[in-house]
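Participant: no sequence for this one, just the structure:
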């Protein structure tokens with residue numbers, strides 16, 4: 001991975017090489033992959049990965065079921081959105097402060 005800087009596809013901000021932690025969902029559980037080489041937008045935080053890094057993360061996910069032993073395990077609290085913010089009426093409704101007419 002080079003230190004090549006390019007513009008973010010989403011916001012146009014500058015993207016720079018960094019090591020990041022990546023949380024992935026795989027077969028009903030979450031796996032945290034640490035120290036992943038990535039390109040991160042300095043403005044919005046969007047993350048990009050080289051193809052070989054993305055493939056390695058996929059291999060880690062598959063191997064996590066059988067051959068890899070976790071470095072450690074963490075506990076993650078789960079909170080439903082509706083307990084702190086009422087869900088909008090109707091499927092796909094945009095959230096807005098004013099009432100639609």
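Facilitator: Received, thanks. None of the values given here were measured: they were computed from a predicted structure. Numbering: from 1, shown residues only.
Participant: tell me where the model's unsure across this structure.
Facilitator: 1-4, 89-101 (pLDDT under 70).
Participant: please enumerate the helices of it.
Facilitator: 51-63 (DSSP state H).
Participant: pretty sure residue 35 contacts residue 22?
Facilitator: No - judged on C-beta atoms under 8 Å, residue 35 makes no contact with residue 22 at a distance of 9.5 Å. Placement of C-beta: from N, CA and C, glycine included.
Participant: comparing the two, which shows the higher neighbour count?
Facilitator: Higher neighbour count among residue 35 and residue 22: residue 22, with 17 against 9, using other C-beta atoms under 10 Å.
Participant: distance check, that one against residue 83.
Facilitator: 27 Å (C-beta to C-beta, to the nearest Å).
Participant: what does residue 33 give?
Facilitator: 29 Å.
Participant: neighbour count for those two, which is higher?
Facilitator: Using other C-beta under 10 Å as the criterion, residue 33 and residue 83 rank with residue 33 on top: 16 against 7.
Participant: ok, now which ones touch that one?
Facilitator: Contact partners of residue 33, counting by C-beta atoms under 8 Å, 6 or more residues apart in numbering, are 21, 22, 23, 24, 57, 60.
Participant: for residue 79, state which of those is nearest.
Facilitator: residue 23 (15.8 Å; C-beta to C-beta).
Participant: wait, the closest one touches residue 31, no?
Facilitator: Yes - counting by C-beta under 8 Å, residue 31 is a contact partner of residue 23 at 7.5 Å.
Participant: and the two? which has more neighbours close in?
Facilitator: Comparing residue 23 with residue 31 by other C-beta under 10 Å, the one with more neighbours is residue 31, at 17 against 9.
Participant: measure the more buried one to residue 69 for me?
Facilitator: Residue 31 is 12 Å from residue 69, by C-beta to C-beta.
Participant: equivalent analysis for residue 85, please.
Facilitator: Counting by C-beta to C-beta, the gap from residue 85 to residue 69 is 39 Å.
Participant: and residue 8, by the same measure?
Facilitator: Counting by C-beta to C-beta - residue 8 and residue 69 are separated by 36 Å.
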